[in-house]
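Asks: Provided below for reference: sequence and predicted model.
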Amino acid sequence: MNESTGFLNETGVIIVDVQADFTELKSGSLAVPGTDARYIETVENATCKFSEQGLQLYFTQDWHPAEHISFYTNHPGIQPMAAIEIDGRSQIMWPPHCVQDTSGAKILITVPQSAEIVRKGMDPKFDSYSGFADDGGHKTQLSNLLQRDGIKKLIIYGLAMDYCVKATVLDALKAGYKVELMVDLCRGVDPATTTDAIKTMEAAGAAIVRGD
């Protein structure tokens, strides 16, 4: 094994929640601004290139039950995007999205046979922004998969920059991984929180990479 091959074998790619309900392309219930056909094509092409280079791909996928705690429709009298306190923690009230076995939960990027899909947000009692664990601390299979594959460095991008991408990056850094954030392959819900998220991730140790 030469040095470059070893580097590639230790690098994984996490594609965060590029799902129909988060995109303008599919008129998703929680569409992130700027997620049109051009964005999806750009992410598709970049992901294909990483796969062709032999990098292991990990797709995270919101996979919520219909009764999920984050859906404003499950809280009578509460408006969408309101923040309420539940069991001592702040919870944003989102429109129903990425419900299990619905078209809105579909990953829009081609998933190669060798890739892994990590589902999250399945516990109705907890939100789950990070690909590593939900807000209750319950872990997904992602950590075990990365350890199994000998991954030491992660390339991360997807949706949304200021929520699930941010949480996944920060958890990856806490776990000791080197992280590159592909900014141009991400989109955020709000410009202000997106800018803050990039600063937070960079301050935590993520390398900020621009250019797709």
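Replies: The structure has been received and is ready for your questions. Please read all numbers here as calculations on a predicted model, not as lab measurements.
Asks: For the longest helix along the chain, name the packing helices and strands.
Replies: Longest helix in the chain, counting residues (DSSP state H): helix 37-52. For helix 37-52, the packing partners by 3 or more CB pairs under 8 Å, 6 or more residues apart in numbering; DSSP states H and E come out as strand 11-16, strand 56-62, strand 153-158. The way it works is simple: take the backbone N, C-alpha and C, and place the C-beta from them, glycine included.
Asks: after the last one, next one along is what?
Replies: On the C-terminal side of strand 153-158, the closest following helix or strand by DSSP states H and E is helix 166-174.
Asks: Show residues contacting that next one.
Replies: 14, 16, 60, 129-133, 154, 156, 179, 181, 197, 200-201, 204-206 (CB atoms under 8 Å, 6 or more residues apart in numbering).
Asks: Compute the inter-axis angle for that helix and strand 56-62.
Replies: Angle, helix 166-174 to strand 56-62, by axes from the mean of the first three to the mean of the last three CA atoms, to 10 degrees: 140 degrees.
Asks: Let the chain start at 50 from now.
Replies: Got it, first residue is 50 now, which makes that one helix 215-223.
Asks: what are the phi and psi angles of the nearest residue to Lys155 once chain neighbours are set aside?
Replies: Nearest residue to Lys155 in three dimensions, chain neighbours excluded: Ala69, at 4.8 Å (CB to CB, 6 or more residues apart in numbering). Here is the backbone geometry of Ala69 (degrees, to the nearest 10): phi -50, psi -40.
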